[in-house]
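> Quick one: sequence and predicted model below, then my questions.
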Amino acid sequence: MTETDAVRPETSRVRITVAYRGSAFHGAADNPGVRTVIGDLRDALNRVIGDEVEITLAGRTDAGVHATGQVITLDLPAGTDLENLVHRLNRMCAPDIALRDAEEVPSDFDARFSATWRRYRYTIRDSVTVDPLTADRSWHVPMDLDPAAMVDAARALIGEHDFSSFCRRPDSEGPVSLLRRILDISVTRPENPDGGRGDLVVEVTGTAFCHQMVRSIVGTLVDVGRGRLSPSDLPRILAARDRSAAGQVAPPHGLVLAEVGYDGERWDAGTS
């Protein structure tokens with residue numbers, strides 16, 4: 001045992017649920033030279049804890065994408081008062097970041113690799129008029145969309161497929177699998193509490209996602225909703241395995257990482 005090991009304090013693994021306003025950041029993950037969610041959290045934690053803290057994200061989100069249910073894990077000195085920690089961090093990180101809860105978890109729990117599913121929510125304002133109060137949290141499409149056609153089209157995407165047509169291909173050499181499993185897609189129009197017609201909300205739940213996958217799915221469903229594509233086109237688009245076969249990529253500001261689940265097994269648990 002080295003002298004450093006002898007004085008190293010014991011730590012506990014902590015899980016924290018985080019919400020943030022994505023328009024304030026250049027994404028959630030580390031990105032040198034620009035403001036990120038992890039960067040702000042790490043700076044605040046270092047000031048409170050007095051030491052460098054490594055943070056693991058459940059999922060990366062692009063610049064402009066929001067979250068209400070992002071999850072992070074980190075190792076903190078054993079005995080840390082988590083209620084006080086959350087209170088102090090919320091004061092330091094407001095108004096762009098809010099820590100919703102914190103709890104100790106087993107040492108092998110990992111925000112990313114222990115996750116078994118993720119749910120994203122996308123809001124679309126299909127109306128002639130823009131709502132200034134929600135313009136930075138919804139995609140304004142200035143025409144009525146057909147939600148029934150969008151629901152019909154989404155059925156083809158549920159299940160395990162190669163989603164190459166809906167993903168930005170990674171910048172890496174060699175073969176990359178874009179096989180993913182979608183558990184559910186819903187298209188609803190929740191009641192507007194202020195009266196009038198509510199916005200369309202698309203929720204996509206899957207075991208894992210590749211880059212821009214949800215935004216590409218939403219953009220393609222919007223093209224169906226406005227009549228540019230037919231629901232019967234979706235199997236062809238999937239089979240093409242070509243990004244140019246799908247519809248537009250929806251803008252980032254309408255997307256929210258709503259929830260991360262940790263129940264059951266990862267869908268790829270049996271693969272190497």
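Done, it's in.
> Quick check: the gap between Gly225 and Val141.
For Gly225, the distance to Val141 equals 8 Å [CB to CB, to the nearest Å]. The C-beta positions use only the backbone N, C-alpha and C, and glycine is treated the same way.
> Quick check: neighbours shared by those two?
Shared contacts of Gly225 and Val141, defined by CB atoms under 8 Å, 6 or more residues apart in numbering, are found at Asp126.
> Comparing the two, which residue is more hemmed in?
Shown here are Gly225 and Val141; by other CB atoms under 10 Å, Gly225 has more neighbours (25 against 18).
> Excluding chain neighbours, give the residue nearest to that one in space.
With CB to CB, 6 or more residues apart in numbering as the criterion, Gly225 has its nearest non-adjacent residue at 3.4 Å, and that residue is Leu145.
> Name the SS class of the one you found, please.
State at Leu145, reduced to three classes by DSSP: H, G, I helix; E, B strand; the rest coil: coil.
> Now that it has come up, it's in contact with Arg228, right?
No. The criterion here is CB atoms under 8 Å, and Leu145 misses it with Arg228 at 10.9 Å.
> Which one of the two is surrounded by more residues?
Higher neighbour count among Leu145 and Arg228: Leu145, with 21 against 12, using other CB under 10 Å.
> which residues does the more buried one contact?
With contact taken as CB under 8 Å, 6+ apart, Leu145 is in contact with Ile124, Asp126, Leu200, Val222, Gly225, Arg226.
> Please identify the buried residues of the strand ranked longest in the chain?
Taking DSSP state E as the assignment, the strand of the chain that covers the most residues is strand 66-77. For strand 66-77, burial by neighbour count (16 or more other CB atoms under 10 Å) applies to His66, Ala67, Gly69, Gln70, Val71, Ile72, Thr73, Leu74, Leu76.
> is the fifth one in a bridge, and if so with what?
Note on Val71: beta-bridge partners Thr17, judged by DSSP bridges.
> Point out where this protein drops to low pLDDT.
Residue ranges of the chain with pLDDT under 70: 1-9, 171-174, 266-272.
> What are the boundaries of the strands in it?
Here the chain has its strands, by DSSP E, at 11-20, 55-57, 66-77, 97-104, 117-126, 139-141, 159-162, 179-188, 200-206, 255-261.
> That concludes my questions; thank you for your assistance.
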